[in-house]
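J.: Sequence and predicted structure, then a few things I'm wondering about:
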Amino acid sequence: MQALRWHGVKDLRLENIEEPQATKGKVKIKVEWCGICGSDLHEYVAGPIFIPESTPHALTGEQAPVVMGHEFSGQVVEVGEGVTRFKAGDRVVVEPVFSCGTCEACRQGKYNLCEKMGFLGLAGGGGGFSEFVAADEHMVHKIPDSVSYEQGALVEPSAVALYAVRQSQLKAGDRAVVFGAGPIGLLVIEALKAAGASDIYAVELSEERKQKATELGAIVIDPKACDVVEELKQRTGGGVEVAFEVTGVPPVLTQAIHSTKIGGQIMIVSIFETSAPIIPNDIVMKERSITGIIGYRDVFPAVISLMEKGFFPAEKLVTQKIKLNEVVEHGFEALLKEKNQVKILVNAH
């Protein structure tokens, strides 16, 4: 089968590799759509980050080259021995988290914090930028007929957003600000709507992304046009209850901290590539709290239920659909060059 594999920085190759089999405990899936994630882009430009290059991954036993793609939907074509929850023809998505099951985090049920944690499509185990994937049964979730395959490819990134909001102290009627209206930031806006936030502000420079945030119901603030912190304080009477940092840019973290009210919370959703200054008194003197989250756990079913109700709409978030043989030029390179792109979906068939 055809698959896109990471060999090195700016070195993604479409290759013919052996088709995975539905071995014991595995579900073989024909991939329908796979989204290009920001972490995929990081691997392309500056990897390896999550991809094991010089030594095999502790859980998959694989190392580069590995098949990429972890945001995908598809149809079950075969099930292995012992699989009871799925059958051929089922419409599914995959929760692509590998965990050991034995470390302290896993024993607490916090499998996204596993000491050896890895992602299918980054750490090995196959990937969505291919024709077929074989995944462990416990990683697979059914999607109803009312949720399209395109929508299904958004379940994984939507899970990041919903988990971020669930881990926050936000209550129905609270006000929130989202710094950064890229794909995850836009999905956080959707998750905040589902959680009952009264006013959702979005801070974004890109004209195209500002438009997307507006379409999703956010109140957009342009950091070129005003002092963001002062603007938010003025509009909210002292600051928002929760700020979500989704840029990974150090000065923006400072803005996020200052934008919250007394007793407010700052949720760090992005991965920072450099250190960021935090002045402790900015936290202490206002009794603010800072919380970080990585990935998600136990939220895929909730995301799928919300999608049935119309949240996380693919038609507002997907900006391009391409074939696997176009993925470098019209996928990865397009996301680097074209700020109007939000989510690009790839089909291998």
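T.: Done, it's in. Numbering: from 1, shown residues only.
J.: Low-confidence stretches in the stretch 151-300 of the chain?
T.: Filtered on pLDDT under 70, the stretch 151-300 of the chain yields no residues whatsoever.
J.: mind listing the helices in it by residue range?
T.: Under the criterion DSSP state H, counting those that start in this stretch, the stretch 151-300 of the chain carries helices at the ranges 155-166, 183-195, 207-215, 228-236, 250-258, 280-284, 300-308.
J.: Return the distance of the residue nearest the centre of the chain relative to residue 299.
T.: Of all residues in the chain, the one closest to the mean position by Cα atoms, centre = their mean is residue 157, 2.9 Å from it. Separation of residue 157 from residue 299 (Cβ to Cβ, to the nearest Å): 12 Å. The C-beta positions use only the backbone N, C-alpha and C, and glycine is treated the same way.
J.: how close does the residue nearest to the centre of the chain sit to residue 320?
T.: Applying Cβ to Cβ to residue 157 and residue 320 gives a distance of 16 Å.
J.: same thing with residue 172?
T.: Separation of residue 172 from residue 320 (Cβ to Cβ): 35 Å.
J.: more neighbours, these two?
T.: Shown here are residue 172 and residue 320; by other Cβ atoms under 10 Å, residue 320 has more neighbours (18 against 8).
J.: CA atoms only for the helix or strand harbouring that one - export them in CSV, please.
T.: Take DSSP states H and E as the rule and residue 320 turns out to sit in strand 318-323. Provided in CSV are the C-alpha atoms of strand 318-323 (Å, rounded to 0.1, in the frame of the first residue of the first chain):
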residue,chain,number,x,y,z
VAL,A,318,-11.7,22.3,6.8
THR,A,319,-10.2,24.6,4.1
GLN,A,320,-8.8,22.1,1.7
LYS,A,321,-9.0,18.4,0.7
ILE,A,322,-6.2,16.7,-1.1
LYS,A,323,-4.9,13.3,-2.2
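J.: In it, which residues are buried?
T.: Counting neighbours by 16 or more other Cβ atoms under 10 Å, one finds that the buried residues in strand 318-323 are 318-320, 322.
J.: want to throw these into TSV with distance to residue 14?
T.: Formatted as TSV, the buried residues of strand 318-323 follow (distance: Cβ to Cβ, whole Å):
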residue	distance to residue 14
318	22
319	22
320	18
322	12
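J.: Out of those, the closest to residue 101 would be?
T.: When these are compared for distance to residue 101 (Cβ to Cβ), residue 318 wins out at 34.6 Å.
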